[in-house]
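**Student:** The following block contains a protein sequence and its predicted model.
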Amino acid sequence: MFDELERIANHVSDSDQECWPFLFLRPSPEARMSSTRLAVIAALYGIAAGLLVNVSLRLTPGHALPSPFVFPTATTLGFFAIFRLTFAASRNRRAARFSRGGRG
């Protein structure tokens, strides 16, 4: 079962459509996903998503507005955790097979 989940996660993370507009941050299939690279990806997606939530709350009357940093920070941390447990784990598992001379 984990092999199938890994295959699906790698298929998604290898897709140009899913990585757009940050294709330059995607490592090659045989390369490990470092925490630094993952943090940058999570920050780019998380800050954008958090700002979208901030704008949505600002446009909705009657909501108390938290600090403008709350949602961008929380979504970035959330994306990092989710990406670490899914895409990075799958990519790093595949990279380990490549380094042992196996195929992806």
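**Tutor:** It's in. Residues are numbered from 1 along each chain as shown.
**Student:** When you work out contacts or count neighbours from here on, use the C-alpha atoms and nothing else.
**Tutor:** OK.
**Student:** Near the closest residue to residue 53 other than its chain neighbours, how many other residues are there?
**Tutor:** Excluding the flanking residues, the one nearest residue 53 by C-alpha to C-alpha, 6 or more residues apart in numbering is residue 71, at 6.9 Å. Applying other C-alpha atoms under 10 Å, we find 20 residues neighbouring residue 71.
**Student:** Correct me if wrong: residue 71 contacts residue 57.
**Tutor:** No: counting by C-alpha atoms under 8 Å, residue 71 stays clear of residue 57, with 10.6 Å between them.
**Student:** Only the buried residues of the strand or helix carrying the residue nearest to residue 53, if you could.
**Tutor:** Here residue 71 is covered by helix 70-83, with elements defined by DSSP states H and E. Within helix 70-83, the residues that count as buried by 16 or more other C-alpha atoms under 10 Å are 71, 72, 73, 75, 76, 77, 79, 80, 83.
**Student:** which of these lies closest to residue 7?
**Tutor:** Ranked by distance to residue 7 (C-alpha to C-alpha), these are led by residue 83 at 15.0 Å.
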